[in-house]
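Visitor: here is the input, now give the coordinates:
(one chain, ligands or ions: 1)
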Amino acid sequence: MPVIPAALGTAPSQPRRRKRELDELIFDVIKNASVPVGAYAISNFLSETGDNVVPNQVYRTLVRLVEDERIRRVECLTAFVVATPQQGLDLVCASCHQIVTIPNEAIRKDLESCAHNIGFKPNRIVVELIGHCDRCSSAIDTGCD
Ligand SMILES: [Zn+2]
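Guide: Below is the predicted model:
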């Protein structure tokens, strides 16, 4: 019978992270970021701080955090922010990626109504306005960056 050396066994070189630990680690990165962050940025940031989390682990964790409604995706940036109970319109700056959410349930209801009037059943509604924030608009107007 062949003998398998212990080094080739199933014990990983680092202890496997538990899902809950990854959830908190990645949630904290998103919570502390000044702008929405994507999976690769999260993975790179964690590598720099000594917490190696491969992109696949980040993706799986992001899916779990979205399902738990702790974060939400900013579609136009392919990035994530902490979820708030309030839904509305996201104003996304194309230059600095700052995001401001303006509560406006009326527009959401109008969109739902329009969709239902033509027999369309939306799974979810995403309203994002892409432009430039006041600071970036001023920089563009003055030619500064
Ligand atoms: Zn901006």
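
Visitor: give me the domain ranges for the protein.
Guide: Using automatic domain parsing, the domain ranges for the chain come out as 17-83, 85-145.

Visitor: adding mean neighbour count and mean pLDDT, write these out as TSV.
Guide: Using the backbone N, CA and C atoms, a C-beta is placed for each residue, glycine as well. Rendered in TSV, the data for the domains of the chain read as follows (neighbours: other CB atoms under 10 Å; pLDDT from 0 to 100):
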stretch	mean neighbour count	mean pLDDT
domain 17-83	16	94
domain 85-145	12	89
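
Visitor: of the ones you listed, which approaches the ion most closely?
Guide: domain 85-145 (3.2 Å; CB to the ion).

Visitor: how far away from the center of its chain is that closest one?
Guide: Mean-position distance between domain 85-145 and its chain equals 16 Å (CA atoms, centre = their mean, to the nearest Å).

Visitor: got the residues of this protein near the ion?
Guide: 93, 95, 96, 133, 136 (CB under 5 Å from the ion).
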